[in-house]
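**Student:** need the 3D shape of this:
(one chain, ligands or ions: 1)
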Amino acid sequence: MATVPNLTLNDGNTIPQLGFGVFQVPPEDTAKITGQAFEAGYRHIDTAQMYGNEAGVGEAIKTSGIPREELFVTSKLNNGFHRPDDARKAFERTLQALELDQIDLFLIHWPLPTQYDGDFVSTWQTLIEFQKDGRARSIGVSNFQPAHLERLAQETDVVPAVNQIEVHPYFTNDAARAASRDAGILVESWSPIAQGGVLDDDILVDLAGKVGRTPAQVTLRWHVQRGDIVFPKSSTPERMAENFALFDFELDDEAMAAISALDRGEKGRTGPNPDTFDYIPD
Ligand SMILES: NC(=O)c1ccc[n+]([C@@H]2O[C@H](COP(=O)([O-])OP(=O)(O)OC[C@H]3O[C@@H](n4cnc5c(N)ncnc54)[C@H](OP(=O)(O)O)[C@@H]3O)[C@@H](O)[C@H]2O)c1
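**Tutor:** Numbers count the residues shown, from 1 in each chain. Here you go, the predicted model:
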């Protein structure tokens, strides 16, 4: 089995560049599906309070027998809990659900700049507490736009380790990606295959045929060669294995450029725009 590279975060910790995402995995299936991902070789799991399935991830970790230090677990603060006291309680619930004393990475899921009087800075300061007290090894953000990152840089003294943002061939998200990388923040690309939406693209199908791989593998390999972190989701062991097999082939410069040229700008987004997204779950 090919080895997944580890990338070094700006706080000195390392993260496996390839993981497994559990967005839209039903809570009752999460332990089984996460266990199958472990069997396929994944050691990095991306969940969130909003997904409602942290407990299933915790159960899979407990029953896997894999040493804790070989696993990398990420979760994210839900949108209703940005006020510091709510964030503290929600973070405790995350650790309980995962049955962990320490999480590898904890993120603010969305900046919600039109909620909480525009204050995501005090939320970030609360995550800094979690890192200082040792319960979060690394902390980061998700869906932060360049202006949001700039504000954290101006008003706090801890730079997020990652910014988890939508990136795939139809939405290359260049501005947020460049602002992150320029600040020493690693990019995690969410919906890396656009939830399957890019897989029948003629260019990707053609490139896949040329290198003898599938369109999903070619797309995920494009992310990896750009230096981003990915965690595709799949409910089937065959696709889990397919998406894991990325480290024994390469795309040349021409193929990389052809994939990047598929960008459709804002029209290519599959998810909401972080500048206006204001959803607070009940
Ligand atoms: N921070 C955020 O706001 C945010 C937002 C969205 C996602 N995320 C994270 O990013 C992860 C990945 O994104 P995502 O789940 O939205 O989408 P994705 O990984 O781009 O795509 C998942 C979809 O593609 C299908 N699929 C997977 N591998 C395939 C393959 N090899 N061939 C054909 N179809 C395949 C899956 O179907 P099957 O399951 O049926 O195989 C599923 O419908 C999430 O799970 C989550 O951890 C974060």
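**Student:** where does residue 137 fall, secondary structure wise?
**Tutor:** The secondary structure element spanning residue 137 is strand 136-142 (assigned by DSSP states H and E).
**Student:** what lines up beside that strand in the sheet?
**Tutor:** In the sheet, strand 136-142 lines up against strand 103-108 (parallel), strand 162-166 (parallel) (DSSP bridges).
**Student:** and these: which comes nearest the ligand?
**Tutor:** strand 162-166 (4.6 Å; CB to the nearest ligand atom). (C-beta placed from N, C-alpha, C; glycine too.)
**Student:** show me which residues of the closest one are buried.
**Tutor:** 162, 163, 164, 165, 166 (16 or more other CB atoms under 10 Å).
**Student:** check those residues and tell me the two furthest apart.
**Tutor:** For these, the farthest-apart pair by CB to CB is 162 and 166; their separation is 13.9 Å.
**Student:** distance to the ligand added to the strands paired with strand 136-142, as JSON lines?
**Tutor:** Below are the strands paired with strand 136-142 laid out as JSON lines (distance: least, CB to the nearest ligand atom, whole Å):
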{"stretch": "strand 103-108", "distance to the ligand": "7"}
{"stretch": "strand 162-166", "distance to the ligand": "5"}
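**Student:** out of the ones you listed, flag the one nearest residue 61.
**Tutor:** Going through the strands paired with strand 136-142 one by one, with CB to CB as the measure, strand 103-108 comes closest at 11.2 Å.
**Student:** helix or strand right after that closest one?
**Tutor:** Taking DSSP H and E, what comes next after strand 103-108 is helix 121-132.
**Student:** can I get that following helix in PDB, CA atoms only?
**Tutor:** Extracted as PDB, the C-alpha positions of helix 121-132 are listed here (Å, rounded to 0.1, in the frame of the first residue of the first chain):
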ATOM      1  CA  VAL A 121     -12.300  36.900  16.400                       C
ATOM      2  CA  SER A 122     -13.500  36.000  19.900                       C
ATOM      3  CA  THR A 123     -14.400  32.600  18.500                       C
ATOM      4  CA  TRP A 124     -10.800  32.200  17.200                       C
ATOM      5  CA  GLN A 125      -9.400  33.300  20.600                       C
ATOM      6  CA  THR A 126     -11.500  30.500  22.200                       C
ATOM      7  CA  LEU A 127      -9.900  27.900  19.900                       C
ATOM      8  CA  ILE A 128      -6.500  29.300  20.900                       C
ATOM      9  CA  GLU A 129      -7.400  28.400  24.500                       C
ATOM     10  CA  PHE A 130      -8.100  24.800  23.400                       C
ATOM     11  CA  GLN A 131      -4.700  24.600  21.800                       C
ATOM     12  CA  LYS A 132      -3.000  26.200  24.800                       C
END
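**Student:** okay, buried residues for that helix please.
**Tutor:** For helix 121-132, a neighbour-count test (16+ other CB under 10 Å) marks 123, 124, 125, 126, 127, 130, 131 as buried.
**Student:** find the nearest non-adjacent residue to residue 87, please.
**Tutor:** Leaving aside its sequence neighbours, residue 87 sits nearest to residue 126 (CB to CB, 6 or more residues apart in numbering; 4.4 Å).
**Student:** still on that earlier bit, which other residues reach the strand holding residue 137?
**Tutor:** Here strand 136-142 makes contact (CB atoms under 8 Å, 6 or more residues apart in numbering) with 9, 11, 13, 15, 76, 91, 102-111, 124, 127-128, 130-131, 148-149, 152, 158, 160-165, 185, 188, 190.
**Student:** what about it, distance to the chain center?
**Tutor:** Centroid separation between strand 136-142 and its chain, computed with CA atoms, centre = their mean, to the nearest Å, is 11 Å.
**Student:** relative to helix 121-132, how tilted is that strand?
**Tutor:** With axes from the mean of the first three to the mean of the last three CA atoms, to 10 degrees applied, the angle from strand 136-142 to helix 121-132 works out at 160 degrees.
**Student:** re earlier: which of the contacts of strand 136-142 count as buried?
**Tutor:** Of all these considered here, the ones buried according to neighbour count by 16+ other CB under 10 Å are 9, 15, 76, 91, 103-111, 124, 127, 130-131, 148-149, 152, 158, 160-165, 185, 188, 190.
**Student:** thinking again about what came up before, make TSV from the strands paired with strand 136-142 and add mean pLDDT and distance to residue 50 to it.
**Tutor:** Putting those into TSV (pLDDT from 0 to 100; distance: least, CB to CB, whole Å) gives the following:
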stretch	mean pLDDT	distance to residue 50
strand 103-108	99	11
strand 162-166	99	13
